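Chemist: based on what follows, work out the 3D shape:
(one chain, ligands or ions: 2)
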Amino acid sequence: MTSDKNTQKGLYIKNFGCQMNVYDGDRMQEMMSSHNYDSVNSVEDADLVILNTCHIREKATEKIYSELGRIKKNISGKKEKTIVAVAGCVAQAEGEELVKRAPIIDLVFGPLTYHHLPDILQSFENDNLNKKKAIVDIEPPNEDKFTELPKRLKDNRAISAFLSVQEGCDKFCTFCVVPYTRGVETSRSFLEIKDEANELISTGVQEIILLGQNVNAWSNSNGKKMDFADLIYELSLLDLKRIRFTTSHPNDMNHKLISSFRDVEKLQPYLHLPIQSGSNKVLKNMNRNYSSEEYVEIISELKSIRPDIAISGDFIVGFPGETEDDFNKTEEIIKKIGYAHAYSFKYSPRPGTPAGQMENQIDEKIKSNRLQRLQDEIKRSMYKYNKRFLNENLQVLVEKETTPGYFSGRSPYLQSIHFQSESSCIGNIVDIKVLKVNENSLSGEILH
Ligand code: SAM
Ligand code: SF4
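Modeler: Numbers count the residues shown, from 1 in each chain. Ligands and ions are numbered 1, 2, ... in the order given. Below is the predicted model:
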């Protein structure tokens, strides 16, 4: 398709799920802007609506069908046809099934094929608009998606940006759909990542967050042998203020990467390292391939090298066969590690996964009760972590002006901090004295 200002169209993308989806949504938006599509804020104003879906938990899938129901209502009565697309992991997993259940859908494409969107949209518009036959494009392609995508754009570029370096997963935890929806573990090449980092820097980005399902499993896929610690070091030589990464797997942590938290100044002292459960029995049944003792050992080594490091994690409660005793072990781990932040989920049986077939599924009420108790424990941990910064000074990378004169940014430990300033300081690192804390954020005053 070619650009023509007279035929400018509206694009509405709604992202569900993880940061990888936010990244993919941004890339789709950037790609479509060179095909005459501008972002709009409502379905009613859109010519193309994309639901960028997540398949991790059952509720996430059900949300998509409710969303499609709402979209149907919102676009009924519109003169021009609104094209409805479903992208992301639900699209990858369900394919044609989606169209059968929700005939409103026109296009289905997955995380590995979204770079085909301009072409399939063109085919749909040429051939199908009246016939209303949906196009489903989810077969893993031969080409490298990233080399087909356009350069990163300046429009709306934030101070902090995601950069996907690794996709897919071969670990096959028994509860998880990712290996089935995002395919085998693949790493982008160092040169491709460096180019994208430089593109982001040229748009004003000051902090890059490297993304991957198991980001620390990254290795250079083309050319010189490099591991993830090498990648961090090389990117730290670019004109950037801060580097972060997520999500890491305990089995891919090594001494070299741990030492990076001491040796690479731009690498921020924050690590998202999910354990999932504190019980070794449950970890074994999840196929995580580490024990809670090994996990604690990794954290101890990290803290010996970087005592102030903030640890965050993911937890699943109510995995098949989880007893009260197993659950208590998860609560104990939270106390032991002193998490700065954590996500927690009720186990959700996923089709096609081994745990979904296990017989000893846990009653929904027990799962809800355990989740509530776990979240209370996590809140206490987060509050305790944040409280230690009261009356301390923190270096904050300022990201935005929330209301006139009020700004927010992130501390090195990823805490969100709010403060007042007479002049704009977006993109700067400023010193903030912390005056108030709660479990989710801090506020304070700027020091001049
Ligand atoms: N690769 C990362 C790891 O292994 O730590 C996690 C990636 S996964 C997309 C994000 C989180 O979703 C997991 O850490 C897990 O806590 C949660 N999750 C995955 N499958 C789930 C399921 N079936 N039910 C509940 N939570 C699930
Ligand atoms: Fe899913 Fe396990 Fe892979 Fe993480 S490591 S993406 S939880 S299969």
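Chemist: just give the number of residues close to E324.
Modeler: By the criterion of other CB atoms under 10 Å, E324 has 8 neighbours. Where C-beta positions appear, they are placed from N, C-alpha and C, glycine not excepted.
Chemist: could you do K400 as well?
Modeler: Around K400 there are 12 other residues, counting by other CB under 10 Å.
Chemist: chain neighbours aside, what residue packs nearest to it?
Modeler: Nearest residue to K400, sequence neighbours excluded (CB to CB, 6 or more residues apart in numbering): S408, at 6.0 Å.
Chemist: just the pLDDT for the one you found.
Modeler: You'll see S408 listed with a pLDDT of 97.
Chemist: cool, and E148?
Modeler: pLDDT for E148: 88.
Chemist: what's the closest non-adjacent residue to it?
Modeler: Nearest residue to E148, sequence neighbours excluded (CB to CB, 6+ apart): H115, at 4.3 Å.
Chemist: near ligand 1, which residues of the protein? Just list them.
Modeler: Counting by CB under 6 Å from any ligand atom, the chain comes close to ligand 1 at 18, 56-57, 175-176, 178, 213-214, 247, 249, 274, 276, 314, 316, 345, 347-348, 350.
Chemist: among those, name the ones in strands.
Modeler: Using DSSP state E, the subset of the residues of the chain next to ligand 1 located in strands is 314, 316, 345.
Chemist: among those residues, the buried ones, what's the ChimeraX command?
Modeler: To isolate in ChimeraX the members of those that are buried, counting by 16 or more other CB atoms under 10 Å, one can use:
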select :316,345
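Chemist: tabulate the ones in strands among the residues of the chain next to ligand 1 (a markdown table), appending pLDDT.
Modeler: As requested, these are arranged in a markdown table below (pLDDT from 0 to 100):
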| residue | pLDDT |
| --- | --- |
| D314 | 98 |
| I316 | 98 |
| F345 | 96 |
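Chemist: about what we covered before: quick check on the residues of the chain next to ligand 1: which are buried?
Modeler: 18, 56-57, 175-176, 178, 213-214, 247, 249, 274, 276, 316, 345, 347-348, 350.
Chemist: for the nearest residue to G25 once chain neighbours are set aside, give me its contacts.
Modeler: Spatially, and ignoring its direct neighbours in sequence, G25 is nearest to N15 (4.3 Å; CB to CB, 6+ apart). By CB atoms under 8 Å, 6 or more residues apart in numbering, the residues touching N15 are 21-22, 24-25, 52.
Chemist: and these, which two are furthest apart?
Modeler: Using CB to CB, the pair of the contacts of N15 lying farthest apart is V22 and N52, separated by 8.5 Å.
Chemist: who has more neighbours, those two?
Modeler: In this view V22 and N52 are compared by other CB under 10 Å, and N52 has more residues nearby, 25 against 16.
Chemist: so which residues on the stretch 1-150 of the chain come close to ligand 2?
Modeler: Residues of the stretch 1-150 of the chain lying near ligand 2 by CB under 6 Å from any ligand atom: none.
Chemist: now the strands for the stretch 1-150 of the chain?
Modeler: Secondary structure of the stretch 1-150 of the chain (DSSP state E, counting those that start in this stretch): strands located at 9-15, 37-39, 48-53, 83-87, 107-109, 135-137.
Chemist: what's in contact with the second one?
Modeler: Around strand 37-39, the neighbours that count as contacts under CB under 8 Å, 6+ apart are 8-13, 29, 33, 47-48.
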